[in-house]
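Trainee: Mind folding the following:
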Amino acid sequence: MARASKGYARRAVIVAVVAVMLALGFVAMQGALSQQPTGQTPSPSVTVNTDAQLGQLFSSQTSDVQVQGVGWVTRLLADDNEGSRHQRFILQLASGQTLLVAHNIDLAPKLQGLQVGDRVGFYGEYVYTAQGGTIHWTHHDPAGKHVAGWLEWQGQRYQ
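Mentor: Residues are numbered from 1 along each chain as shown. Reported below is the predicted structural model:
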């Protein structure tokens, strides 16, 4: 009987530790979601940078959050040439969530030769869509009013 009590107590401690860790992560994410871009380089607390947090943004239908991550190209789309030109492609995160990347090629270089299966890192602004979300502002802001973003591909940063 004492052995069963020790096992139960150990499991209870593990459950409590996990619950505290999840609560702290939620509190940190809530703080990140309440921040607005200031035109300055963001502090790490402003940036959402895990697949789980991107999943939270999607499930809560939250937009306008600075995010950082990595995904693999699953589809190349035609460039959007209406207004400011954007290179467009779909990334899939390790979690399975997909993101449309809309990279302004009037302000930053195009990823020439990008192919399905390529790994692309990103830092930009997340906007909720029913398909998983869109990442934009993956470039500098000439007016200096928005946080500068980037894409990383084949060891090069495009901003």
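Trainee: tell me what the longest strand seen in the chain is packed against?
Mentor: Ranked by number of residues, the top strand in the chain under DSSP state E is strand 65-80. Counting contacts by 3 or more Cβ pairs under 8 Å, 6 or more residues apart in numbering; DSSP states H and E, strand 65-80 packs against helix 51-59, strand 86-92, strand 98-104, strand 119-127. In short, each C-beta sits where N, CA and C put it, glycine included.
Trainee: Which residues are in contact with Tyr123?
Mentor: Going by Cβ atoms under 8 Å, 6 or more residues apart in numbering, Tyr123 touches Thr47, Gln66, Val67, Gln68, Thr138, Gly149, Trp150, Leu151.
Trainee: again, only this time at 10 Å
Mentor: Under the criterion of Cβ atoms under 10 Å, 6 or more residues apart in numbering, the contact list for Tyr123 reads 42, 47, 49, 66-69, 135, 137-138, 147-152, 157, 159.
Trainee: hmm, back to that, grab the CA positions of the longest strand of the chain and hand them over as PDB.
Mentor: Provided in PDB are the C-alpha atoms of strand 65-80 (Å, rounded to 0.1, in the frame of the first residue of the first chain):
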ATOM      1  CA  VAL A  65       1.200  39.300 -33.700                       C
ATOM      2  CA  GLN A  66       4.900  39.300 -34.500                       C
ATOM      3  CA  VAL A  67       6.000  35.700 -35.000                       C
ATOM      4  CA  GLN A  68       9.100  33.700 -35.800                       C
ATOM      5  CA  GLY A  69       9.400  30.100 -36.900                       C
ATOM      6  CA  VAL A  70      10.400  27.700 -39.600                       C
ATOM      7  CA  GLY A  71       8.400  25.700 -42.100                       C
ATOM      8  CA  TRP A  72       8.800  23.600 -45.300                       C
ATOM      9  CA  VAL A  73       7.400  24.800 -48.600                       C
ATOM     10  CA  THR A  74       4.500  22.700 -49.700                       C
ATOM     11  CA  ARG A  75       3.200  24.900 -52.600                       C
ATOM     12  CA  LEU A  76       4.500  27.700 -54.700                       C
ATOM     13  CA  LEU A  77       1.900  30.200 -55.800                       C
ATOM     14  CA  ALA A  78       2.000  32.800 -58.500                       C
ATOM     15  CA  ASP A  79       3.300  36.200 -57.500                       C
ATOM     16  CA  ASP A  80       0.700  38.800 -56.600                       C
END
